[in-house]
Structures are given as C-alpha cells and as structure tokens.
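> Kindly return the folded structure for what I paste below:
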Amino acid sequence: MKRITKSLLTVFIVLPFLLTACSEKKSVTQTQKVLGTICTITVPEENAGVLEKVFNELYRIQSVFNFYDRNSLLSQINKNAGTNPVPVTDEFLYVIQTAQAASELTDGAFNPLVGPLVKLWDVNGQNPRIPAKEEIEEALRYNSWENVEINVSEKTVFLKNKGMEIDFGGIMKGYAADVINMILKKEGVSSATINLGGNVYVRGKSFKGGSWKIGIVEPVFDGTDAEGNPNSISESDRKKLIVKAKNQAVVTSGGYERFFELEGKRYHHIFDGRTGYPSESGLASATVVLKSSVMADCLSTAFFVLGKEKSCQVIDRLRKSDVKIKAVFIEDNAVVTVY
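Numbering: from 1, shown residues only. Below you'll find the model as predicted:
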C-alpha cells in the first residue's frame with residue numbers, strides 16, 4: 001500500500017497561491033501551524049501588531065472544533081453521543097446550523113456526520129485501509145441530520161445514537177477565515193490575505209492596488225494523452241486558473257492532497273456521505289469564489305462530491321437568490337470549466 005500526504009508547506013505554497021508580484025505597499029507576514037495545517041496571514045506593515053491577536057483567535061477556534069482533540073467542545077459532543085445533550089455556545093450553534101443548511105442545499109453532498117467514516121478509512125492516519133462493506137454500512141447507519149438534536153433555546157446539541165461523530169474538517173477553516181476577517185475589519189486593517197492551508201480570503205485591495213490574483217493549483221492527473229504524454233491542462237484552459245477577487249474567499253477542494261494507493265487505485269480523504277466511499281464525481285478539484293468563507297468551504301467540498309453538472313444546478317439556485325458565486329471545476333480529463 002502506498003500512502004501519500006503532501007507536506008503542509010507544499011500545500012501552503014501551491015493550493016492556492018497568491019500572485020502578488022512587486023508590492024508597492026510594505027507588508028508583514030506571519031505563519032504558524034494551527035487548525036491542522038499551515039496558516040499564513042499577511043497585513044500592511046503598520047498593522048503588524050494585530051497578528052498576535054489573530055493567531056490567538058485561530059488557536060481558540062481550534063480548541064473548540066478540533067475533531068482530534070479529546071478536550072474540544074466537538075469531542076465532548078461526540079463522546080456523549082447516545083447519552084446526553086451537551087451545552088454549547090452561540091458560536092457552535094452558528095457553525096452546526098450553517099453545516100446543516102449547506103447539507104440541505106447540496107442534498108447531503110456536504111455532510112459533517114462522516115466522523116465514523118473518517119476513522120474507519122484512516123486516510124489521514126498511520127493505517128489507511130479499505131473497510132469491509134459491512135463496516136461501511138454500519139458507519140452510515142446514523143449518517144443523517146434526523147439523528148442530530150439541535151436545541152437553540154436550551155443551547156444544547158445531542159447526537160441521538162451511540163457511535164455518531166461530527167467532523168467539522170470541511171467547515172472549520174472557512175469559519176475561521178470569516179472570524180479573522182471581522183477582527184481585521186474591527187482593527188482597521190484595509191488590506192490583508194488570510195491563507196488557512198489553502199482556504200484563502202483576500203481583504204480589500206491588493207498591496208499593489210486593484211484586485212488580488214489567486215492561482216488554483218493544477219492537479220497531477222492519471223493517464224496519458226493520445227501522444228503518450230502525461231495528461232495536463234491545455235494552455236488555453238490554464239489561463240482560467242487565475243482568479244481575481246476582492247473581499248472574497250477562494251476555496252479549493254480536491255482529492256490529490258491526501259490519499260493512499262492500493263493496487264493502482266487512489267483513495268482520497270473526501271468522502272461521499274451517501275455511499276461511504278471517497279467521492280468519484282469526475283472532478284479533480286472544485287474551487288468556489290464567494291463572499292462567505294464558511295459557505296465557500298462547505299460548497300467546495302460539496303461540489304467535489306456532486307460533480308460539475310449537479311454543482312452548477314446548486315449555483316443556479318443560489319444565483320436566483322442574488323448570491324454572487326463563481327466556481328472553477330477541473331475534471332479528471334484535465335478540462336477546466338469556469339461557471
């Protein structure tokens with residue numbers, strides 16, 4: 001079995017990368033490992049003092065929502081599954097209700113109730129494996145929001161069945177970016193980049209003026225073209241991988257970061273909660289550009305699971321509600337679509 005996990009530093013550099021050429025405005029950058037990844041914040045030089053506050057907040061968010069921290073509030077809810085409701089904060093209620101809304105919007109393609117599947121496959125751990133069909137069926141037994149009791153008035157969350165587990169890996173970084181953006185706004189920071197392991201939010205104008213330019217990484221594709229060369233994105237399509245943004249999140253989900261290989265087949269870390277297996281939608285990656293980072297995080301994951309056609313249907317519904325959203329799909333055959 002071949003297990004591959006790209007280094008956090010590599011992921012930070014390329015997924016996605018900020019194209020910021022020569023900067024006319026002096027800036028300060030700080031990088032720390034938090035939220036299970038490499039997080040980098042860049043602000044104008046005169047606002048350097050805010051960075052300590054920003055990273056303290058990231059560590060606080062991690063202490064609440066970390067799936068792997070036994071002392072986190074999320075873990076307390078998981079531990080009490082089938083036993084007791086757990087008191088939660090307004091913040092936790094906001095995140096879990098946002099997750100539920102994203103799940104409903106995408107017909108279950110975004111599903112944080114995959115905790116049992118995450119542990120079963122152990123793609124991010126030391127012993128990744130392909131579980132037996134019976135194990136997967138057991139993990140999917142309570143994989144429904146009907147088994148989650150959210151009591152807003154009492155401020156409690158209860159997982160009704162023992163063995164249920166929530167994993168907020170597909171929403172935590174998006175939520176954190178929104179929180180950090182609000183802190184920067186309150187502190188009077190006019191321009192900044194927030195890069196939480198590839199979940200990027202760009203605030204205001206770039207340090208050079210105008211919109212930020214963000215590059216989407218080109219995945220490594222399987223197979224070869226008709227001439228025997230490795231599959232790759234065409235030069236015309238490669239231009240579509242540069243996204244301009246201002247006061248927006250740019251979030252990419254793909255199966256090429258963390259995966260293991262067995263008998264020539266790749267098994268990645270993004271699960272389809274409806275089947276119990278790593279998603280196979282025909283997409284190599286899905287990128288969402290949206291004002292709300294938390295929703296961009298949810299939707300990029302969901303779109304990767306749904307595939308291009310069904311994702312575009314979700315986008316159409318959102319646009320009818322005046323939501324400004326753009327997506328970039330890279331298919332397994334190296335075709336790029338901007339929608």
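> Can you verify my assumption that residue 115 contacts residue 164?
Yes. Counting by CB atoms under 8 Å, residue 164 is a contact partner of residue 115 at 7.3 Å. Any C-beta I mention is one placed from the backbone N, CA and C, and that applies to glycine too.
> intersection of neighbour lists for those two?
residue 78 (CB atoms under 8 Å, 6 or more residues apart in numbering).
> where in the stretch 51-200 of the chain is pLDDT low?
Nowhere does the stretch 51-200 of the chain drop to pLDDT under 70.
> rerun that using 90 as the cut-off
By pLDDT under 90, the low-scoring segments of the stretch 51-200 of the chain are 114-131, 138-139, 141-143, 197-198.
> residue ranges for the strands of it, please.
Using DSSP state E, counting those that start in this stretch, the strands of the stretch 51-200 of the chain run over 86-87, 148-151, 156-159, 192-196, 199-203.
> Columns distance to residue 184 and mean neighbour count on top of those, output as a markdown table?
Formatted as a markdown table, the strands of the stretch 51-200 of the chain follow (distance: least, CB to CB, whole Å; neighbours: other CB atoms under 10 Å):
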| stretch | distance to residue 184 | mean neighbour count |
| --- | --- | --- |
| strand 86-87 | 30 | 16 |
| strand 148-151 | 30 | 16 |
| strand 156-159 | 30 | 21 |
| strand 192-196 | 5 | 25 |
| strand 199-203 | 6 | 27 |
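> Turn those into JSON lines, including distance to residue 61.
As requested, the strands of the stretch 51-200 of the chain are exported to JSON lines (distance: least, CB to CB, whole Å):
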{"stretch": "strand 86-87", "distance to residue 61": "18"}
{"stretch": "strand 148-151", "distance to residue 61": "20"}
{"stretch": "strand 156-159", "distance to residue 61": "17"}
{"stretch": "strand 192-196", "distance to residue 61": "10"}
{"stretch": "strand 199-203", "distance to residue 61": "13"}
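> closest to residue 103 out of those strands?
Checking the strands of the stretch 51-200 of the chain against residue 103 by CB to CB gives strand 148-151 as the closest, at 10.2 Å.
> Show me how far that closest one is from its chain's centre.
Centre-to-centre, strand 148-151 and its host chain are 24 Å apart (CA atoms, centre = their mean, to the nearest Å).
> same for that strand, what does it pack against?
helix 90-105, strand 156-159 (3 or more CB pairs under 8 Å, 6 or more residues apart in numbering; DSSP states H and E).
> Given it, what are its sheet partners and their directions?
Sheet pairing of strand 148-151 (DSSP bridges) gives strand 156-159 (antiparallel).
> Dump the strand it pairs with to CSV, keeping only the CA atoms.
C-alpha atoms of strand 156-159 as CSV (Å, rounded to 0.1, in the frame of the first residue of the first chain):
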residue,chain,number,x,y,z
THR,A,156,-27.5,22.1,23.5
VAL,A,157,-26.5,19.6,20.8
PHE,A,158,-27.3,15.9,21.1
LEU,A,159,-26.3,13.1,18.8
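> Run through who's touching it.
The contact list for strand 156-159, computed with CB under 8 Å, 6+ apart, reads 77-78, 80-82, 84-88, 92-93, 96, 142, 147-151, 165-166.
> Same check on stretch 135-154?
For stretch 135-154, contacts defined as CB under 8 Å, 6+ apart pick out 85, 93, 96-97, 100, 103-104, 111, 113-114, 116-117, 120, 131, 156-161, 163-164, 166, 273, 276-277.
> Swap in 7 Å and give it another go.
Stretch 135-154 is contacted by residues 85, 93, 96-97, 100, 103, 111, 113-114, 116-117, 120, 157-161, 164, 273, 276 when judged by CB atoms under 7 Å, 6 or more residues apart in numbering.
> what's the span of it from first residue to last?
Using CA to CA, to the nearest Å, the end-to-end distance of stretch 135-154 comes to 35 Å.
> buried stuff in that stretch?
The neighbour-count check on stretch 135-154 (16 or more other CB atoms under 10 Å) flags 135-136, 139-140, 142-145, 147-148, 150 as buried.
> Equivalent analysis for stretch 118-136, please.
118, 120-121, 123-124, 128, 130-131, 135-136.
> of the residues you listed, closest to residue 196?
residue 124 (16.9 Å).
> Tell me if I'm right that that closest one and residue 271 touch.
No. Residue 124 is beyond contact range of residue 271, at 11.7 Å (criterion: CB atoms under 7 Å).
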